[in-house]
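Requesting a structural model of the entry that follows:
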Amino acid sequence: MTKSKDSITKDIKSPPFFYGYIIVIVCFLMMITGWGLFYIYGVFFGPISNEFGWNHALTSGAYSLAILVSGVLGIFAGRLSDRFGPRVVLVFCALMLGAGYALMALVHNIWQYYLIYGVVISTGVSGFWSPLISTVARWFIGRRGLMTGIVSGGISFGTFLLPPLVTQLITVWDWRITYAVIGGAVMVIVLIAAQFLKPNPQIMGLEAYTKTRTRPNYQGKNKDYSFKAAAKTRQFWMVGMVYLCFGAAQMTIMVHIVPHLTGTGFSAIAAASILSIIGGVSFAGRIVMGIITDKIKAKFSLIMCLSLLTISLLGLQWADTPTRLYLFAVVFGFGYGGLSCLQSLISAELFGLTSLGIITAVFSLSFNIGGSIGPFLAGYVYDINQSYYWAFTACFIIIAAALVISLGLKPPRNTG
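Numbering: from 1, shown residues only. All right, here's what the predicted structure looks like:
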């Protein structure tokens, strides 16, 4: 007796194992080797600065340049991924990123340092966000938020796992050999992982995962905004300013917390462990806040995360013992992770889904602009005062300002 048409259709749409989960695993792994490694620049800060005798502003300037360049190129990486597929983009970026890290072993003067880190490495890492996130979105309609949170959590997991390991490698070898090893590892891992990337389920004769619950945040009566229409609203610029402030404060901490701690008497391993805790807790923040935002408005989640960041940065001024530092790392990490995963959710809540990709990309660029300014200015302030007190105070002030801005957010008034 033959199967019914409905039964055959069910068999086709419900394979024993959904390949989309392979996509999530592969993207998670590549996020670790891309942005996870990029975010632990702080563990190299001291060794590089000490060898060349560069001040903090000069040393952090290359990283600031890299953040800015990667933000601009990230928009082009997303467009190229849509046109040619994520595999082509990731292979090219893996070669650039791996070569950039390997070339760091040959740096002997400042122009080489800025060229390699600010141009080659930034070009490589620029392809490790939009192509990966957009690929996951195509594979998952249901559980899209959760899967996006898991993939973006690769950054947090890398920041948790890698600082002590890399610090130990620098201690045993030196920063040059460590960079060369990292360069080779990036090429091997990403080039292999990229072979498993499929741009969408249809290319394999599958359908996207659709088991889902309707998100309350998307049920409102607000219209979907085009990018041009959204850019004319004050809410667009308010969210952009929030992420500009967030980028400046977050990247200042990620770059300067390790040199700050080693400069106040903590060992390199102890300082790296604080960075690891921030990374580990931020992974939990992404997942938990993603789940919470399924139940409440993204605006309230935004306020919650900014409140945690404000409290943690205020407490950092008195964090002079391991216990207080661990507490700071936990609160800051959770707030930072949660705020990172809210970027696309707050965009969808305010402006709908029609232009979600480009609106989110612009908010990401806002974050990168802030992230390029903060570390450099913090290094400059340190060089003047030989202390991070005023730099970290500035981080507290701008995050508090972002919190005030978020309190005034509400959906744009529908017109036309």
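
Tell me where the model's unsure across this structure.
By pLDDT under 70, the weakly predicted segments of the chain are 1-16, 145, 212-223, 353-357, 414-416.

Could you list the domains of it?
19-206, 215-416 (automatic domain parsing).

What is the linear distance spanned by the first one between its boundary residues?
To tie it back to what came earlier, the one meant is domain 19-206. 9 Å (C-alpha to C-alpha, to the nearest Å).

Residue nearest the middle of this structure, spatially speaking?
residue 155 (6.0 Å; C-alpha atoms, centre = their mean).

mind listing what it touches?
When contacts are counted by C-beta atoms under 8 Å, 6 or more residues apart in numbering, residue 155 is found next to 31-32, 35-36, 39, 279, 282, 340. Quick note: C-beta positions are derived from backbone N, CA and C, even for glycine.

in the helix or strand residue 112 falls within, what counts as buried?
Per DSSP states H and E, residue 112 falls inside helix 110-115. Buried positions in helix 110-115, judged by neighbour count with 16 or more other C-beta atoms under 10 Å: 113-115.

Which residues does that helix contact?
Contacts of helix 110-115 (C-beta under 8 Å, 6+ apart): 48, 52, 54, 58, 61-62, 65, 106-107.

Buried only: go through those for me.
Counted by 16+ other C-beta under 10 Å, those give 48, 54, 58, 61-62, 65, 107 as buried.

Going by distance to residue 99, which of these wins?
For the buried ones among the contacts of helix 110-115, the closest approach to residue 99 (C-beta to C-beta) belongs to residue 107, at 13.4 Å.

Wait, that closest one touches residue 120, no?
No - applying C-beta atoms under 8 Å, one finds residue 107 not in contact with residue 120, separated by 11.3 Å.

Pull the number of nearby residues for residue 262.
The number of residues packed near residue 262 is 18, by other C-beta atoms under 10 Å.

need the contact list for the nearest residue to it once chain neighbours are set aside.
Distances taken as C-beta to C-beta, 6 or more residues apart in numbering put residue 271 closest to residue 262, at 5.0 Å, once the chain neighbours are dropped. By C-beta under 8 Å, 6+ apart, residue 271 lies in contact with 257-259, 261-262.

buried stuff in the helix or strand that residue 271 is a member of?
Assigned by DSSP H and E, residue 271 falls within helix 268-292. By neighbour count on 16+ other C-beta under 10 Å, the buried set for helix 268-292 is 268, 270-290.

swap in stretch 92-112?
When burial is assessed from 16+ other C-beta under 10 Å, stretch 92-112 yields the following buried residues: 92-94, 96-105, 107.

which of the contacts of residue 271 lies closest to residue 380?
For these, with residue 380 as the reference and C-beta to C-beta as the criterion, the closest is residue 259, at 13.7 Å.

isn't that closest one right next to residue 41, touching?
No - judged on C-beta under 8 Å, residue 259 makes no contact with residue 41 at a distance of 10.6 Å.

returning to that earlier point: please flag which of the contacts of helix 110-115 sit within helices.
Counting by DSSP state H, the part of the contacts of helix 110-115 found in helices is 48, 52, 58, 61-62, 65.

Most widely separated two among the residues you listed?
Among the ones in helices among the contacts of helix 110-115, 52 and 65 lie farthest apart (C-beta to C-beta), at 16.8 Å.

about what we covered before: name the helix or strand for the residue nearest to the centre of the chain, please.
Assigned by DSSP H and E, residue 155 belongs to helix 144-172.

Give me the number of neighbouring residues for residue 226.
So residue 226, with other C-beta under 10 Å, has 15 neighbours.

same deal with the one 4 residues further on?
A count of neighbours around residue 230, defined by other C-beta under 10 Å, yields 24.

got the contact list for it?
236, 350-351, 355, 359, 412.

residue contacts, the nearest residue to residue 82 once chain neighbours are set aside?
Using C-beta to C-beta, 6+ apart and skipping the chain neighbours, the partner closest in space to residue 82 is residue 134 (7.2 Å). Applying C-beta under 8 Å, 6+ apart to residue 134 gives the contacts 78, 81-82, 86, 357.

Export those residues to a markdown table and append columns for secondary structure and neighbour count.
As requested, those are exported to a markdown table (DSSP: H, G, I helix; E, B strand; the rest coil; neighbours: other C-beta atoms under 10 Å):
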| residue | secondary structure | neighbour count |
| --- | --- | --- |
| 78 | helix | 24 |
| 81 | helix | 23 |
| 82 | helix | 16 |
| 86 | helix | 30 |
| 357 | helix | 20 |
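
mind listing the helices in the stretch 301-416 of the chain by residue range?
Along the stretch 301-416 of the chain, the stretches classed as helices by DSSP state H, counting those that start in this stretch are 322-341, 343-351, 356-385, 389-407.

would TSV of these with distance to residue 250 be doable?
Shown next, in TSV, are these (distance: least, C-beta to C-beta, whole Å):
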stretch	distance to residue 250
helix 322-341	5
helix 343-351	12
helix 356-385	7
helix 389-407	9
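
Run a quick neighbour tally on residue 59.
Residue 59: 25 neighbours (other C-beta under 10 Å).

got it, and residue 201?
18.

Kindly report the same for residue 260.
24.

Tell me which residues touch it, please.
Counting by C-beta under 8 Å, 6+ apart, the residues that residue 260 touches are 388, 392.

In terms of helices and strands, where is it?
Residue 260 belongs to helix 234-263, assigned by DSSP H and E.

Show me which positions of that helix end up buried.
235-236, 238-263.

Okay, angle between it and helix 144-172 too, please.
20 degrees (axes from the mean of the first three to the mean of the last three C-alpha atoms, to 10 degrees).
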